[in-house]
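Participant: Build me a structure from this.
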Amino acid sequence: MTIAHYCPKKVGLLGGSFNPAHAGHRHISLEALKRLGLDEVWWLVSPANPLKDPAVLAPYETRLAQAKAMAAHPRIRVLDIEQKLDARYTIDTVKALQRHYPSARFIWLMGADNMAGFHYWRRWQEIAACIPVAVVDRLPYHYGALGGRFAHYFAAYRVHESRARLLASLPPPAWTYLFIPPHPLSSTQLRKTLGK
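Facilitator: A predicted model of the protein is given here:
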């Protein structure tokens, strides 16, 4: 496996199935670039998701190609790192990237829907202890996310969104919740529209 040695200083990591990638992913990426002062956002297209039925996933190469077409921005990179690393879990991906890019300051990006169920992720507390997390608002998940287990467990480490640009320089655990203009699309809604 070969991973390029160049890495920007501050990078947001947006992992997911991207089944399919859509304008909502691009929207939160652009907001994260602006609000967090990032150099780039990397879309990490997962070969599989342990919490999702593999039968509903489109083929990996299809999802990767769709993501590249949708990103369409010089500071959003679509990567197959998880496939190259043979990583099934976020904790493994994050630790591998930190080893390969020791000078980078990574921030894990997630939607509010994922935050609400974050405690189901493998070693979720360890993820938050090794990388700052930025949660992007997604209706209607606001109350479930901020009232959920992750938010309560790490309440003392929440960074107000007015200080979000400092997040990459803070030692984890550190997290922020970004209220952004809503975008109507989700992968689930899009699959329903397409009849998949």
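
Participant: For this protein, give me the ranges with low pLDDT.
Facilitator: When residues are selected by pLDDT under 70, those of the chain lie in 1-7, 51, 184-196.

Participant: Longest helix in this structure, please.
Facilitator: In the chain, ranked by residue count with DSSP state H as the criterion, the top helix is helix 23-36.

Participant: Just after that helix, pick out the following helix or strand.
Facilitator: strand 40-45 (DSSP states H and E).

Participant: Spell out which strands sit alongside that next one in the sheet and which way each one runs.
Facilitator: In the sheet, strand 40-45 lines up against strand 10-16 (parallel), strand 76-79 (parallel) (DSSP bridges).

Participant: sorry, back to before: orientation of the longest helix of the chain relative to strand 10-16 in degrees?
Facilitator: Relative orientation of helix 23-36 versus strand 10-16 (axes from the mean of the first three to the mean of the last three CA atoms, to 10 degrees): 160 degrees.

Participant: Against which helices or strands is helix 23-36 packed?
Facilitator: In terms of contacts (3 or more CB pairs under 8 Å, 6 or more residues apart in numbering; DSSP states H and E), helix 23-36 is packed against strand 10-16, strand 40-45, helix 60-71, strand 76-79, strand 105-111, strand 133-136, strand 175-178. Backbone N, C-alpha and C define where each C-beta goes, glycine included.

Participant: can you rerun that using 6 Å?
Facilitator: strand 40-45 (3 or more CB pairs under 6 Å, 6 or more residues apart in numbering; DSSP states H and E).

Participant: quick one on the thing from earlier: please identify the most buried of the strands paired with strand 40-45.
Facilitator: strand 10-16 (a mean of 22; mean count of other CB atoms under 10 Å).

Participant: Pull the residues that contact that strand.
Facilitator: 32, 38-44, 104-109, 168 (CB atoms under 6 Å, 6 or more residues apart in numbering).

Participant: picking up where we left off before, okay, angle between the longest helix of the chain and strand 105-111 too, please.
Facilitator: 140 degrees.

Participant: mind listing what's buried in helix 23-36?
Facilitator: By 16 or more other CB atoms under 10 Å, the buried positions in helix 23-36 come out as 24, 25, 26, 27, 28, 29, 31, 32, 33, 35, 36.

Participant: same thing with stretch 112-125?
Facilitator: Result for stretch 112-125 [16+ other CB under 10 Å]: buried residues 112, 113, 114, 115, 116, 117, 118, 121, 124, 125.

Participant: neighbouring contacts of the helix or strand the second one falls within?
Facilitator: Element membership for residue 113, per DSSP H and E: helix 112-116. Outside helix 112-116, the residues within contact range by CB under 6 Å, 6+ apart are 135, 137, 138, 141, 142, 144, 145, 148, 150.

Participant: buried residues in stretch 138-148?
Facilitator: Taking 16+ other CB under 10 Å as the criterion, stretch 138-148 shows 138, 141, 142, 145, 146, 148 as buried.

Participant: my bad, should have said stretch 68-78
Facilitator: 68, 70, 71, 75, 76, 77, 78.

Participant: Which residue is the nearest non-sequential neighbour of the fourth one?
Facilitator: This points to residue 75. Using CB to CB, 6 or more residues apart in numbering and skipping residues adjacent in sequence, the residue nearest residue 75 is residue 40, 4.9 Å away.
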